[in-house]
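**Student:** predicted model and sequence follow; I will ask about them next.
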Amino acid sequence: MKIVMLGAPGAGKGTQAVSIAKEYGIPHISTGDIFRANIKNHTELGMKAKEYMDKGALVPDEITIGMLLDRIAENDCKNGFVLDGFPRTIPQAESLRAALLLQDQKIDYAVDIEVPDDVIIERMGGRRVCSKCGATCHIKYNPPKQEGICDSCGGELIIRADDAPETVLERLKTYHEMTQPLIDFYKKEGVLCAVDGTKTQAEVFQQILGALN
Ligand code: AMP
């Protein structure tokens, strides 16, 4: 099963992608996570990506597409994958389609998690991420047991640099301009399933399972 997750930043793509990956036993691949790992390790790729990420802009396709195609060529992707945060532009979607077509394959489902902008802004303001293990939570909707401390590993919870309010607005603008056209792209491919992302995490997951089965 090959799945891409669509939706604005903060729509819940990451959370749902993790659940889908577990349900179907396929890897969860987040380009944002790959970039953040590179930044943490001070790689050249990480340094380049950081320039764009900190501004709420997209990392250029020349960097992103090759990186993602290399990742899905790895062995663990033989039976499929859930892509979270890729594609984010039409050229990315076209490159992915072309690469899969070479192997007579295609994306089976594009799950679009629909959430209005005002809800996104409220959600992202309360989002916290663990500085140690990367787990995310929300101070209102999914609060940690102890304030400022990660439930999973005890690490310190911080605000991700690109979750700062002005960056959130910029990321939403980038989303509407560059990424929203992918909804039509996958509709034309006949693989789009839209779900209501304003519901609880469990309800959204049930909607997704209903659509995928
Ligand atoms: P995410 O964790 O998916 O919200 O991604 C965080 C940031 O990484 C984005 O705001 C972009 O700057 C960058 N990024 C992640 N995925 C992509 C992509 N497919 N294309 C371009 N930039 C990306």
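**Tutor:** Looks like it came in fine. Numbering: from 1, shown residues only.
**Student:** host element of the closest residue to the ligand within the chain?
**Tutor:** Here the chain gets closest to the ligand at one residue, Gly32, 2.1 Å apart by CB to the nearest ligand atom. (C-beta placed from N, C-alpha, C; glycine too.) Applying DSSP states H and E as the criterion places Gly32 in helix 31-40.
**Student:** check which helices and strands that helix sits against.
**Tutor:** Applying 3 or more CB pairs under 8 Å, 6 or more residues apart in numbering; DSSP states H and E, we find helix 31-40 packed against helix 44-53, helix 61-72, strand 81-84.
**Student:** turn the ones you listed into a markdown table, columns for distance to Pro143, mean neighbour count and mean pLDDT.
**Tutor:** Listed next are those as a markdown table, based on distance: least, CB to CB, whole Å; neighbours: other CB atoms under 10 Å; pLDDT from 0 to 100:
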| stretch | distance to Pro143 | mean neighbour count | mean pLDDT |
| --- | --- | --- | --- |
| helix 44-53 | 26 | 16 | 95 |
| helix 61-72 | 33 | 16 | 96 |
| strand 81-84 | 23 | 24 | 98 |
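**Student:** export the ones you listed as TSV, with columns for distance to the ligand.
**Tutor:** Listed next are the helices and strands packed on helix 31-40 as TSV, based on distance: least, CB to the nearest ligand atom, whole Å:
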stretch	distance to the ligand
helix 44-53	4
helix 61-72	4
strand 81-84	7
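**Student:** my read: the residue of the chain closest to the ligand touches Gly85, true?
**Tutor:** Yes - applying CB atoms under 8 Å, one finds Gly32 in contact with Gly85, separated by 4.7 Å.
**Student:** need the contact list for the residue of the chain closest to the ligand.
**Tutor:** By CB atoms under 8 Å, 6 or more residues apart in numbering, the contact set of Gly32 is 14, 53, 84-85.
**Student:** can you pull the pLDDT of the residue of the chain positioned farthest from its centre?
**Tutor:** If you look at how far each residue of the chain sits from its centre, by CA atoms, centre = their mean, the farthest one is Gln146, at 26.6 Å. On pLDDT, Gln146 comes in at 96.
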